[in-house]
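J.: Sequence and predicted model, in that order:
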Amino acid sequence: MGQSTFRGGAHPYEGKELSMDSPIQVLEPKEELVFSMSQHIGAPATPVVSVGDTVKMGQLIGEASGFISANIVSSVSGKVKAIQPRLLSSGAKANCVVVENDGEYTPIEGLGEERDYTKLSKEEIRQIIKDAGIVGMGGAGFPTNVKVTPKNEEDIDYVIVNGAECEPYLTSDYRLMLERPEDLVQGLRVVVSLFDNAKGVIAIEDNKPEAIAKLQYLIQDDPNLEVKVLKTKYPQGAERQIIYVVTGRRIYSRMLPADAGCIVDNVQTILAIYDAVCKSTPCMKRVVTLTGDAMAKPQNYEVKFGMSHAELLEAGGGLKCEAKKLISGGPMMGMAMYDLNTPITKTSSSILAMSEDEVEKSEPTNCIRCGRCATVCPSHLVPQMMAQAVERDDKEAFQKLNGMECYECGTCTFVCPAKRRLTQLFKQARREIMDASRKK
């Protein structure tokens with residue numbers, strides 16, 4: 001087995017106390033829901049409905065259009081009023097199916113029916129996961145059916161539930177581990193059943209003792225499952241870090257977790273698998289954290305996909321003061337939002353409202369060569385030299401410095417006393433290099 005932590009990393013202010021003790025509340029959407037066909041890594045889904053069609057809750061409205069793609073289902077019943085490009089919280093536009101909610105939530109036939117996963121074949125379980133449109137809900141959005149169908153099925157010996165939730169302020173996974181622990185354990189058993197040689201591990205940071213105790217109690221009689229307690233440190237929940245800490249194995253940018261014998265899924269992804277396989281319910285909702293020092297009532301809400309961020313913020317009590325910055329996601333890896341009239345998708349984890357904009361307040365200065373960025377980098381890179389290569393527009397040097405191994409965790413930017421925008425530089429350089437190699 002691996003360690004309880006990794007070399008490098010940082011300890012940003014956690015901010016979790018704002019929302020961690022508030023039970024999840026269910027919010028129902030208003031009249032209009034916007035379903036993006038690009039809620040995942042890979043090819044956008046293709047709309048399979050037309051304007052004027054009546055749809056039911058749980059009905060397929062967008063079909064996966066390639067091997068790496070994912071289905072989209074309607075989270076409400078109502079009428080399709082438009083199929084058009086709409087703005088997403090990332091600032092990009094995507095083709096969207098717009099549904100007018102009739103407020104009746106008329107379900108498709110069989111929605112919510114109990115199912116015994118032990119009576120299903122592996123192929124049937126994988127097909128259910130595919131049909132349900134489940135993707136990585138920790139932020140990556142990789143189609144889960146592809147992840148649980150690796151080439152080397154017999155080599156998979158670990159299924160890891162990523163319950164670290166190391167990103168500051170976010171508490172949705174923590175609340176789910178407290179409120180739906182039995183379902184989480186059962187969802188893990190479903191995934192473990194797909195691999196003959198695998199054991200299940202739930203990995204949780206040690207700042208969540210209540211969740212650790214609950215899950216340890218539930219699995220105490222199951223020799224095939226264990227809870228692994230991790231040291232609280234950012235980015236403990238990054239896929240590479242969690243694999244190393246649980247198994248002692250290392251992976252790099254050209255490897256998949258399956259190459260190291262691991263399948264890693266976020267808490268909400270595992271619960272979506274449980275809902276789809278055991279409860280005949282496709283992927284149509286998630287828990288989103290509303291938090292930050294400008295938020296009136298920091299809280300976790302269960303919301304349906306397609307609901308607008310603006311509507312969620314209003315229903316959650318709005319802001320108590322002016323927010324200088326609104327972030328989709330956490331402060332380390334999230335993206336600033338300039339428009340809240342954007343739909344909640346499978347990868348929307350939070351609205352973080354900050355009364356101060358730390359980036360705006362701090363003007364970058366020249367690098368003072370202190371080396372802190374290299375000390376904290378979890379991938380053991382030298383950000384200072386990588387930044388120099390990017391600033392010279394020397395992509396070759398950036399790649400020789402293993403710049404493509406950066407996964408944009410933001411730790412170097414966080415510790416930099418000169419306030420240099422290192423992560424942004426690397427993000428841009430990596431995108432340009434990947435775009436160029438695709439064109440080739």
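T.: Everything's here; your move.

J.: Show me the contact partners of the lowest-mean-pLDDT helix or strand in the chain.
T.: Lowest by mean pLDDT, DSSP states H and E among the helices and strands of the chain is helix 358-361, with a mean of 77. The set of residues external to helix 358-361 that reach it, using Cβ atoms under 8 Å, 6 or more residues apart in numbering, is 324-325, 421. For the C-beta atoms, the positions are set from N, CA and C on the backbone; glycine is no exception.

J.: from those residues, which would you call buried?
T.: Buried by 16 or more other Cβ atoms under 10 Å: K325, out of these.

J.: Now flag whichever of the contacts of helix 358-361 is closest to S75.
T.: When the contacts of helix 358-361 are compared for distance to S75 (Cβ to Cβ), K325 comes out closest, at 28.7 Å.

J.: for A353, helix, strand, or coil?
T.: strand (DSSP: H, G, I helix; E, B strand; the rest coil).

J.: Quick check: bridge partners of it?
T.: L326 (DSSP bridges).

J.: I'd say it and G318 touch.
T.: No. Between A353 and G318 there is no contact, the gap being 9.3 Å when judged by Cβ atoms under 8 Å.

J.: wait, is P85 part of a strand?
T.: Yes. Secondary structure assignment places P85 in a strand (three-state DSSP).

J.: Compute the distance between it and V192, please.
T.: Counting by Cβ to Cβ, to the nearest Å, the separation of P85 from V192 is 41 Å.

J.: repeat for L422
T.: Look at L422 and V192: by Cβ to Cβ, they are 39 Å apart.

J.: Could you list the low-pLDDT ranges of the stretch 51-200 of the chain?
T.: Confidence mapping of the stretch 51-200 of the chain against pLDDT under 70 gives zero matching residues.

J.: Apply 90 and report the result again.
T.: Within the stretch 51-200 of the chain, the ranges that satisfy pLDDT under 90 run 66, 90-92, 138-140.

J.: Show me the strands in it, by range?
T.: For the stretch 51-200 of the chain, the strands defined by DSSP state E, counting those that start in this stretch cover 54-55, 60-63, 72-73, 78-87, 93-101, 158-162, 199-205.

J.: which helices and strands does the first one pack with?
T.: Contacting strand 54-55 under the criterion 3 or more Cβ pairs under 8 Å, 6 or more residues apart in numbering; DSSP states H and E are the following elements: strand 78-87.

J.: got the buried residues for the strand it packs on?
T.: Across strand 78-87, burial judged by 16+ other Cβ under 10 Å covers 78, 80-81, 83, 86-87.

J.: cool, stretch 394-410 as well?
T.: Neighbour-count burial for stretch 394-410, counted by 16+ other Cβ under 10 Å, picks out 395, 398-399, 401, 403-407, 409-410.

J.: Tell me the one among these nearest to G52.
T.: Closest approach between the buried residues of stretch 394-410 and G52, by Cβ to Cβ: Y407, at 44.1 Å.

J.: Surely the closest one and I251 touch.
T.: No. Under the criterion of Cβ under 8 Å, Y407 makes no contact with I251, lying 10.9 Å away.

J.: how many other residues sit next to the closest residue to P282 other than its chain neighbours?
T.: The shortest distance from P282 to any residue that is not its chain neighbour, by Cβ to Cβ, 6 or more residues apart in numbering, is 4.0 Å, and that residue is A132. Burial of A132 is recorded as 25 neighbouring residues (other Cβ atoms under 10 Å).

J.: As a check, name the ranges of all helices in the stretch 301-440 of the chain.
T.: When secondary structure is read from DSSP state H, counting those that start in this stretch, the stretch 301-440 of the chain shows helices at 309-315, 358-361, 372-376, 383-391, 395-400, 411-415, 422-439.
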